[in-house]
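Participant: Turn this into a structure:
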Amino acid sequence: MERIVYFEPLFTKRREKLVESCVKLQRQGKNFIYLLPSREAIKDVRYSIIDRNCGMINSTVIMFDELERMLVEGVISNDRVIHEDFEAVIIARIFKENKDKLLYYKKVFNKHGFIEETRTFIKVLKRQNISSEEFIKRISNLNDLEDSILKIKLQDLSLIYKEYTDMLKKYSVYDVNDISLKAVEVVREGEGEKVFHKIDNIIIDGFISIDEVDMKLIEKICEKSNVNLYVNISFKNALTKGMLKEKIANRFANMGFTIEESLEEVYEISKDIKCLCENLYAGKTVEKAEAVTINSYPSISVEVRETARDIKRLLLQEEAENIAVFVNNKDEYIPHLISIFREFKIPIEVVDNMAISAAQLVRNTINEVFFEEENKTVGQWIDCICENLQDYSLEISELKKKVLEESLPIQDMIVLKGYLGFESFLEGLKTSFKLCGMLQDLMPKEDIKELIRSSGENTPMTIENTKAAGVKILNTDLARGTFYNHVYILGLNEGEMPAVSQSRGILNEQDINSLINLGISYKDYELDLLKEKIRFNFTLSTARKAVTLSFRTSDEKGGFSIPSSFIQEVKFLTGINYSRAFTMRDRFELKFSDVMSEYELKVVLLKSLFDKYYNDGKEISYEEKLNIIKAYEKDVENYIYKGFVEYHKNKEISFNNYEGILGEKFGRFSEKNKLSISAIKEYLDCPYSFMANRIFNLSYVEEPEDEYNSMEIGNLYHAVLYSYYDGLSNYEELDEERVQELLDIEIKKMRNIDQEPEQYEEFYKGVHENLTEFIKLDLKRLKDYEKKSKGKLLRPAILEKLFKNTDLFSMAVVSKIDRVDLEYELKEGEYIPTGRFVIYDYKKKNIPKFDSILSIKDCQLTIYYLIILEELKNIPQLRDKTLECMALLYLSIEDRGKIKLNYEGIYLEEYMKNLGISKKSPFDKESFYVFINYVKSTIEETMAKIKAGKFNYTLECSAVLNSYANISCEFKEMCRYNKSKVVNIGLKNQE
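Facilitator: Predicted coordinates for the structure are as follows:
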């Protein structure tokens, strides 16, 4: 019985020797299990054994998780393993049931980001073979004084971990991480012989770290079996030696393994590359590195195109399978790699995965949940989603038939794979709910939508899987023990490689350091960065002859992008500068000798042809030019049309559909629609922006994962103020308990975000302070009114009410009016309304200025007045009263004075004193009604333009003309605004 760890230098041929030993075993009728860390390494070793032995019998080349599944076969059936996304559902339920027992995380327990981080933390504990009972024991070792905060944090987490474990046991189900723990238990109890009794050797090869649970499994195999065990960590160099010795070699030595470091036979590798890999991050320099190239490019497409050009040249002397391209940012790079390599007719081996949510039908099905009723059980929700999905069954049936006869276009493949993947996911999710007795639980619409949406984004589908031999497209995690003559490492930009997050999750840096003392490794940034450095080192070591590194100088949105620290280290080590610093201009200076595709040939020929005419000073007719171009580009008429568009954009004084004139067709469509006040204001600001946002729905609001946006906070303020004033009887003083209670209720309804407790506390404190101070000053204002008006009361009568008016204008108008206060006077012992009222609109912080109200750039309050006037007439107590508006006011919630609220608006002079208004821009009654009628006629004209489909940009665009004011416009990039055209229109108007 042999137990050996091979701890030898990088590039030694230990894997070759181990593969040879497996071949010999097979020829002797013996068997082996060969464990590797990646699919690429598995394929390499498996093919090597099969090639040398003409097959493989009763032996296997697999990963640790596959060995563990073999061990638990018959103990854990696949139908008792819950869906991974369902783990978060269970944790959320446990938090809800135990919220009163929480000591630290009471205010964030229901946040999606926090639940996901708790799920990750539990997974980390399981991978480190720490049970809930063991975790509680370790927490007790913390110092009550020095680690008091950390201790209560961990006590909360230990409570959830224990309840989570107990719940899985209660329903006899397992999560995917339980399989590893159960495998250890199976071997410990002597039941592993069902797998090992026919196995002679187990080889563990290519690991830079082994999870604690897998180390425990190996330890139990050593105790319970006589199988030979060989561990290969022959990656020793200046960078890896310390970690490999501490994390792996010493651990195995403690199990009784012999450590061997004697093998001298090495692979044939370029001396430059070998020297680079041996000295990376060792603080030394390398005399020369001719086999190493560093290139910079302006964009991903240029980086991929020039890499493909180099590879195309290499294929004259190399086989495609001897070339590898490593890239970690696959989401952005893979589409370019596939399209450009196809254009260059370069064979590639690549697996193109994308989320099932990439299929439009999946997104549509998820979005349709919005239109369902609020209260449904989980089972009803999933059945409802499945029914919606069945609307596409006919289309899918046709695609299934088509795929058997021909290769489907990529878009059709996305539809088919998305449908099948989503259907399978829903089935698995429903099974998980059923196993845990939760299928009949009620689930809010937002919760089921978030669960399905996030799962859809995390569930992959394989769209492209090219199995033919070709250039390999890999990520750096697959670079261990495999070799290629030429290696290209793309996307070496900071944040992509290395891609190590400094986010601490649910704990802070001090907490994480304290956990290390408890033997728990969680979000260890330094360790993760070291592993990234080792992966990069191994990626360099896969190159036998040459390695090319490349990075981008800008990101895909045009922002500046900096090279990775790995690039800087290689530059420092070798002293080499960039071999090629490609610019955007260079991409248009393509030479005939560099052409690699039909497309590039057309581009070069056309350019050279017209350069010839230009340089020779020859004139050719329009028809000749058109015929020349047609020979190369069939779509030339389209380009000519675009030229006429540009002419119109610059010279014509009229507007057309290019600039937003949709015409009467839109008019018929608009009759069915209703307008909000904000939509009308948006049209008055910019008709073109209105069209892009309201008609074509092109607006995109990116929700940060770790904070709420202004609209969400504003909605929170509105909700709490509505609930506070609704039914309020005590106007004398602030009810602070009521404010806090209402705030807690409304915050729970908000979107789940990833936020640390300290950030949440700061957010909560700020919102609470703003609301309490605003209500205090508002109550003071109402009390002052009572004094100044000699006993009359001003009280909220209408709060956050949605109105739809179809009679006021030529189009229906919908608005939600924040608040209307009625004036009451005491008559015969009863307060009755006088007919006077004030209309308010809450603003989070900034309120419109008076001049914008006067110039109708802001018409919100005026339209509120026109709508509310009709509504007040229907109130029985006001039917015989003369209705009179005292003021239309904007109130700022966050921007307050110390003794009074900040306001702006329109107010009648005679009521200024009672309302506490000190500003000097009052209206008398006559001018007030004149202004109201003027606004009404302006709105009518606006609606007539909307119905006529006129959405051309405004001539006095503030975002363009006042660029110094930094006025933002999200449609700036697509806007047709043209200063030349505006000048022409101005000159024409002066004639």
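Participant: residues in contact with residue 174?
Facilitator: By CB atoms under 8 Å, 6 or more residues apart in numbering, the residues touching residue 174 are 76, 80-82, 168, 182. C-betas here are computed from N, CA, C, even on glycine.
Participant: switch to 7 Å and redo it
Facilitator: Residue 174 makes contact with 76, 80-81, 168, according to CB atoms under 7 Å, 6 or more residues apart in numbering.
Participant: Output those residues as TSV; include the columns distance to residue 142 and secondary structure.
Facilitator: Putting these into TSV (distance: CB to CB, whole Å; DSSP: H, G, I helix; E, B strand; the rest coil) gives the following:
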residue	distance to residue 142	secondary structure
76	34	coil
80	36	helix
81	34	strand
168	27	helix
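Participant: Out of these, which end up buried?
Facilitator: 76, 81, 168 (16 or more other CB atoms under 10 Å).
Participant: Which residue, neighbours along the chain excluded, lies closest to the last one?
Facilitator: Leaving aside its chain neighbours, residue 168 sits nearest to residue 174 (6.3 Å; criterion: CB to CB, 6 or more residues apart in numbering).
Participant: Return the set of residues that bridge with that neighbour.
Facilitator: residue 81 (DSSP bridges).
Participant: just the CA coordinates of the helix or strand harbouring residue 158, formatted as CSV?
Facilitator: Residue 158 is part of helix 148-170 when elements are defined by DSSP states H and E. Extracted in CSV, the C-alpha atoms of helix 148-170 (Å, rounded to 0.1, in the frame of the first residue of the first chain):
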residue,chain,number,x,y,z
SER,A,148,-19.0,41.0,21.4
ILE,A,149,-20.5,42.3,18.2
LEU,A,150,-19.0,39.5,16.1
LYS,A,151,-20.4,37.0,18.6
ILE,A,152,-24.0,38.1,18.3
LYS,A,153,-23.7,38.2,14.5
LEU,A,154,-22.5,34.6,14.5
GLN,A,155,-25.1,33.6,17.0
ASP,A,156,-27.8,34.8,14.6
LEU,A,157,-26.1,32.9,11.7
SER,A,158,-25.7,29.8,13.9
LEU,A,159,-29.4,29.9,14.7
ILE,A,160,-30.3,30.0,11.0
TYR,A,161,-27.8,27.3,10.1
LYS,A,162,-29.1,25.0,12.8
GLU,A,163,-32.8,25.6,11.8
TYR,A,164,-31.9,25.1,8.2
THR,A,165,-30.2,21.8,8.9
ASP,A,166,-33.1,20.7,11.1
MET,A,167,-35.6,21.5,8.4
LEU,A,168,-33.7,19.5,5.8
LYS,A,169,-33.6,16.6,8.2
LYS,A,170,-37.3,16.9,9.0
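Participant: Would you mind pulling up the elements that that helix packs against?
Facilitator: Other elements packing on helix 148-170 under the criterion 3 or more CB pairs under 7 Å, 6 or more residues apart in numbering; DSSP states H and E are helix 86-97, helix 112-127, helix 132-139, helix 509-517.
Participant: which stretch among these comes nearest residue 889?
Facilitator: helix 112-127 (37.8 Å; CB to CB).
Participant: mind checking how far the closest one is from the chain centre?
Facilitator: Relative to its chain's centre, helix 112-127 lies at 19 Å (CA atoms, centre = their mean, to the nearest Å).
Participant: One more: stretch 794-807?
Facilitator: 38 Å.
Participant: as a whole number, average confidence for that stretch?
Facilitator: Average pLDDT, stretch 794-807: 86.
Participant: follow-up on the earlier one: the helix holding residue 158: how far from the chain's middle?
Facilitator: For helix 148-170, the distance to the chain centre is 29 Å (CA atoms, centre = their mean).
Participant: Make CSV from the buried ones among the contacts of residue 174 and add pLDDT and distance to residue 460 to it.
Facilitator: Output for the buried ones among the contacts of residue 174, formatted as CSV (pLDDT from 0 to 100; distance: CB to CB, whole Å):
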residue, pLDDT, distance to residue 460
76, 90, 24
81, 90, 18
168, 93, 25
